[in-house]
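Student: what follows is a predicted structure for the sequence shown.
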Amino acid sequence: MASKASNTILKLNKLTKDDEITWETSRFDPISLTGSERMIGNSYTTSVNKKQLRLYKFEYRHYHDEDAYDYIPDFRLEFIDDRGKGEWIFPYERAISDLYDTILYKASGADEFFDSFLS
């Protein structure tokens, strides 16, 4: 299962870079956050092969001892239903953060800006 999930993440990133998959800012806030987890920025959704996916960045508390902690950033890619409820979370892969970076780049319109500004 892990290798299929890894390959899926890599393919999603490639297709996103090639503009074959587009992501939109999610209409639903993730409800899969638990405990001290809190979302950072926007979440993004897309539909591929009749499945909806959501990707978002979040942070959670990492305790050093009882009173000392840091917030650690992380990413979550998951299948969601039509109401935005999480159905299944992909296992952690570094490639998920690469996909998130690609989505942010595309959503920002940076390519269009660079082309316009440099012409």
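Tutor: Everything's here; your move. Numbering: from 1, shown residues only.
Student: tell me what residue 51 is bridged to.
Tutor: Note on residue 51: beta-bridge partners by DSSP bridges are residue 48.
Student: ok, it to residue 68 distance?
Tutor: Taking CB to CB, to the nearest Å as the measure, residue 51 falls 41 Å from residue 68. Yep, even glycine has a C-beta here, placed from its N, CA and C like the rest.
Student: okay, those two: which has more neighbours?
Tutor: Comparing residue 51 with residue 68 by other CB atoms under 10 Å, the one with more neighbours is residue 51, at 12 against 8.
Student: doesn't residue 79 make contact with that one?
Tutor: Yes. With contact defined as CB atoms under 8 Å, residue 51 reaches residue 79; the gap is 5.7 Å.
Student: now the nearest residue to residue 99 once chain neighbours are set aside: how far from residue 60?
Tutor: Leaving aside its chain neighbours, residue 99 sits nearest to residue 13 (4.4 Å; criterion: CB to CB, 6 or more residues apart in numbering). Noted for residue 13: a distance of 24 Å to residue 60, by CB to CB.
Student: what about the two, which has more around it?
Tutor: Neighbour totals were compared for residue 13 and residue 60, and residue 13 leads with 19 against 16 (other CB under 10 Å).
Student: tell me the contacts of that one?
Tutor: 95, 98, 99, 102 (CB atoms under 8 Å, 6 or more residues apart in numbering).
Student: helix, strand or coil for it?
Tutor: Here residue 13 is recorded as helix under DSSP: H, G, I helix; E, B strand; the rest coil.
Student: do the same with residue 87
Tutor: Following three-state DSSP, the label given to residue 87 is strand.
Student: I am finished for the moment; much appreciated.
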